[in-house]
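Undergrad: Take this sequence and fold it.
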Amino acid sequence: MDAILRILARGGFALRRLYWCGTYAGFRSRYELSPDFRFNGFNIQFYGGGQIVCGARSYIGELSTLQSVHGQTIEIGTDCQISHNVRIYTETAVADSDFSNGPVTHRRGDVKSGRGAWIGANVFIGPGVVIGDDAVVGANAVVTRAVPPGEIWGGVPARLIRRKRRDAK
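TA: From the prediction side, this is the model:
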C-alpha cells in the first residue's frame with residue numbers, strides 16, 4: 001500500500017509541475033518576461049490587464065502574486081531576487097474611503113524594482129512604489145513609499161534600517 005501511495009504522490013507532483021509549467025508559459029506569452037526570468041516554485045500568479053516586465057537573471061518565489069491593472073506597469077529589473085509569498089499590486093483601496101456607502105476610492109500606480117534588488121519573503125509592495133537599484137526589503141515588510149538605491153528597509157510600514165556597506169563580503 002505504501003508503494004502505491006508513493007507512486008501516486010510522484011504522479012501528483014508531475015501533474016502539478018506540468019500544470020504550473022503551462023501556466024507560466026501563458027504568462028510568458030502574455031507579459032514581457034526575459035527568457036531567463038525564473039519562476040521558482042508553484043502557485044505564482046501574474047494577473048491584470050496592465051503590463052508586467054521582468055528582466056534578465058531575475059526570479060520570483062513560490063506563492064507570490066503580481067497584480068497589474070489596466071494602464072499600470074510592474075517592472076522587475078535585471079538580477080532581482082524576489083522571495084516567496086511576495087505581493088506586488090498596482091491598485092489598492094484607499095483606507096479613508098467609506099466602505100459602507102457606494103464605490104470605494106482606489107489608488108493606482110506603477111511599481112518598479114531596480115537592478116539587483118532583493119525582496120525578502122512575505123513582503124507587500126503597494127501602488128506607486130519604486131525599489132531602487134541594489135536595495136533590500138527585509139522579510140515581512142509593507143512597502144508604501146520609495147526605497148532609495150543601496151538601502152536596507154524593513155518593518156510595517158517599511159522604514160530605513162541602514163545604508164548598505166559596500167565593503168562587506
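Undergrad: The protein: helices as residue ranges?
TA: Remark: helices assigned in the chain by DSSP state H are 2-30.
Undergrad: what residue ranges in it are flagged as low confidence?
TA: Counting by pLDDT under 70, the chain shows low-confidence ranges at 1-13, 167-169.
Undergrad: redo that, cut-off 90
TA: Residues of the chain that meet the criterion pLDDT under 90 lie in 1-22, 93-105, 165-169.
Undergrad: what residues are up against residue 97?
TA: Shown in contact with residue 97 (CB atoms under 8 Å, 6 or more residues apart in numbering): 104, 105. No exception for glycine: its C-beta is placed from N, CA and C like everyone else's.
Undergrad: tell me the phi and psi of it?
TA: Dihedral pair for residue 97: phi -70, psi 160, per degrees, to the nearest 10.
Undergrad: Next one: it from residue 142, what distance?
TA: 19 Å (CB to CB, to the nearest Å).
Undergrad: Residue 165 now?
TA: Distance from residue 165 to residue 142, by CB to CB: 25 Å.
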